[in-house]
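Peer 1: below are the sequence and a predicted model; questions follow.
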Amino acid sequence: MEAARRQAAPFSRARPKSQPKAPGRKPGAAYGQHHRRPIPDQADEEITISAPQQCPDCGGPLTVERVESQYQEEIVRRTWVRRFHIPICRCAQCHRRVQGRHPLQTSDALGAAAVQVGPEAVTLGVLMNKSLGLPHADAAVILKQGFELRMSRGGICRAIQRVARKAEATWHALRDAARRSALAHMDETGWKVDAQLGWLWAAVTEEITFCEILPGRGFAEAAAILGADYAGWLIHDGLQLYYKFLKAAHQSCAAHLIRRCRDLAEVAPAAAARFPLAVKQMLGNGYALDSCSPYRQYGCTWRSTHAPWRSSRLVSRPKRIAGATLSGSVGRKASAVRVAVRAKDGPSAPSCCSALVAVIKARSQPARYSRTRISH
């Protein structure tokens, strides 16, 4: 059933090469740098192996020449059980019930809910679901088979929600840091919550990465992350809502334009593919910084100062149908491209936020339809 719905093997990105190289490491100097597992600092168990009694080939006696060491790193499949003796107290003045708490406790529940899961197991469950993208059921199976720890899907889901509540202060601090940043990459992608379409918004600065799942794809959601008064450099894919940040300096994400040019060139005829290939070459070469350039003191090079002129000429040329839409896109974003090229303190052209969103989406495919509305 799973194979009928989606392909389990990796997807092919392009046509196979006519003469592909042999897989694996190459002999000789082309092998590359040799690596090996580091020797452990200490051994938890010492095992002495007895020497064979005789030669397996001729049956002759053996003489021990030396003793070599071999290390084996193994996982101990055991669930560590802690028992907390909790004092239950009563206030002599207000008669309030008070109980003690240890730092290792994850809950104050007693009675029917007295058996809890420790912080290490909860952390592993959160990482499997949120970092590796495993569904709650798969995370529960790994905990059971790997550590003999029984935990239901609902238990893992509720544990993730408790961790999210504890990390709420950190979450607000990251958002405030993104709003204070001088440069921010921003992008969004579809994300389903309770089988309903939502949107994963990501903001990447030089110091932090902030993500949040919001119900819509409008300026209100974008302003909820960076603030409507954001006044730094904002790098994005050219979606119109981003230009409502009136105080921000806008720069178009060159990665989106380059990807669009590549896709157009692959499907267009040879004559129609000339324009997207020319735009791709201009974007790829126009922002290269040259240390020998006489214009370096202004933050740009001779080649980059001519990028606006090249883009204007490309947009003004007659295009075929395959490049007409791309031409309009480049023309609308030309002002943002020119400002970024000429600014001394401006950011680099390619955007890393789109790559981040792609990574989050790929690593969380099974979990992105989960019931948890938790920011990553």
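Peer 2: Structure received.
Peer 1: going forward, measure contacts between C-alpha atoms and count neighbours the same way
Peer 2: OK.
Peer 1: counting by contacts, list what the host helix or strand of W201 packs against.
Peer 2: Following DSSP states H and E, one finds W201 within strand 196-204. In this structure, strand 196-204 packs against strand 183-193, strand 209-214, helix 353-363, with contacts taken as 3 or more C-alpha pairs under 8 Å, 6 or more residues apart in numbering; DSSP states H and E.
Peer 1: pull out the buried residues from the first one.
Peer 2: For strand 183-193, the neighbour count (16 or more other C-alpha atoms under 10 Å) marks L183, A184, H185, M186, D187, E188, G190, W191, K192, V193 as buried.
Peer 1: tilt between the host helix or strand of A178 and strand 196-204?
Peer 2: Secondary structure from DSSP H and E places A178 in helix 168-180. Helix 168-180 runs at 60 degrees relative to strand 196-204, counting by axes from the mean of the first three to the mean of the last three C-alpha atoms, to 10 degrees.
Peer 1: report the angle between helix 168-180 and strand 209-214.
Peer 2: Going by the same axes, to 10 degrees, helix 168-180 makes 110 degrees with strand 209-214.
Peer 1: most remote residue from this structure's center?
Peer 2: Residue farthest from the centre of the chain, counting by C-alpha atoms, centre = their mean, is G60 at 60.9 Å.
Peer 1: now H236: phi and psi?
Peer 2: Dihedral angles phi and psi of H236 (degrees, to the nearest 10) take the values phi -150, psi -180.
Peer 1: my guess is it meets H185, correct?
Peer 2: Yes - taking C-alpha atoms under 8 Å as the definition, H236 is a contact partner of H185 at 6.1 Å.
Peer 1: tell me the one of the buried residues of strand 183-193 nearest A159?
Peer 2: Nearest to A159 among the buried residues of strand 183-193 is V193, at 18.1 Å by C-alpha to C-alpha.
Peer 1: next, M128: secondary structure please.
Peer 2: helix (DSSP: H, G, I helix; E, B strand; the rest coil).
Peer 1: please save the CA atoms from stretch 78-87 in PDB.
Peer 2: Extracted C-alpha coordinates of stretch 78-87, given in PDB (Å, rounded to 0.1, in the frame of the first residue of the first chain):
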ATOM      1  CA  ARG A  78      18.000  -1.200  28.900                       C
ATOM      2  CA  THR A  79      15.500   1.100  30.400                       C
ATOM      3  CA  TRP A  80      16.800   2.800  33.500                       C
ATOM      4  CA  VAL A  81      14.100   3.100  36.100                       C
ATOM      5  CA  ARG A  82      14.200   5.800  38.800                       C
ATOM      6  CA  ARG A  83      11.900   5.800  41.800                       C
ATOM      7  CA  PHE A  84      11.300   9.200  43.500                       C
ATOM      8  CA  HIS A  85      10.200   9.300  47.100                       C
ATOM      9  CA  ILE A  86       8.200  12.500  47.100                       C
ATOM     10  CA  PRO A  87       7.200  14.200  50.400                       C
END
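Peer 1: number of nearby residues for the closest residue to A140 other than its chain neighbours?
Peer 2: Distances taken as C-alpha to C-alpha, 6 or more residues apart in numbering place M151 nearest to A140, at 5.6 Å, with adjacent residues excluded. By other C-alpha atoms under 10 Å, 21 other residues sit near M151.
Peer 1: might you report the residue contacts of M151?
Peer 2: By C-alpha atoms under 8 Å, 6 or more residues apart in numbering, the contact list for M151 reads A140, L143, K144.
Peer 1: are any of those buried, and if so which?
Peer 2: Among these, the ones that count as buried by 16+ other C-alpha under 10 Å are A140, L143, K144.
Peer 1: confirm the second one sits in a strand?
Peer 2: In this case it means L143. No - according to three-state DSSP, L143 belongs to no strand; its state is helix.
Peer 1: excluding chain neighbours, what is closest to it?
Peer 2: Closest to L143 by C-alpha to C-alpha, 6+ apart is L149, at 5.4 Å.
Peer 1: likewise for the last one?
Peer 2: Leaving out its chain neighbours, the residue that sits closest to K144 by C-alpha to C-alpha, 6+ apart is R150, at 5.2 Å.
Peer 1: okay, the one you found: pLDDT?
Peer 2: Model confidence at R150, given as pLDDT, is 86.
Peer 1: if I look at it, how far off is R83?
Peer 2: 17 Å (C-alpha to C-alpha, to the nearest Å).
Peer 1: more neighbours: which of these two?
Peer 2: R150 (14 against 7).
Peer 1: the more buried one and E212: what is the separation?
Peer 2: 31 Å.
Peer 1: where are the low-confidence patches of the protein?
Peer 2: The model of the chain has pLDDT under 70 over residues 1-14, 283-376.
Peer 1: contact partners for P61?
Peer 2: By C-alpha under 8 Å, 6+ apart, the contact list for P61 reads Q53, Q54, C55.
Peer 1: if you set the cut-off to 10 Å instead, what comes out?
Peer 2: P52, Q53, Q54, C55 (C-alpha atoms under 10 Å, 6 or more residues apart in numbering).
Peer 1: that one in helix, strand or coil?
Peer 2: Following three-state DSSP, the label given to P61 is coil.
Peer 1: please begin residue numbering at 682 from this point
Peer 2: All right, first residue 682 from here; so that's P742.
Peer 1: ok, it to S731 distance?
Peer 2: 14 Å.
Peer 1: could you do E869 as well?
Peer 2: Per C-alpha to C-alpha, E869 is found 63 Å from S731.
Peer 1: identify each buried residue in stretch 750-757, please.
Peer 2: Across stretch 750-757, burial judged by 16+ other C-alpha under 10 Å covers no residue at all.
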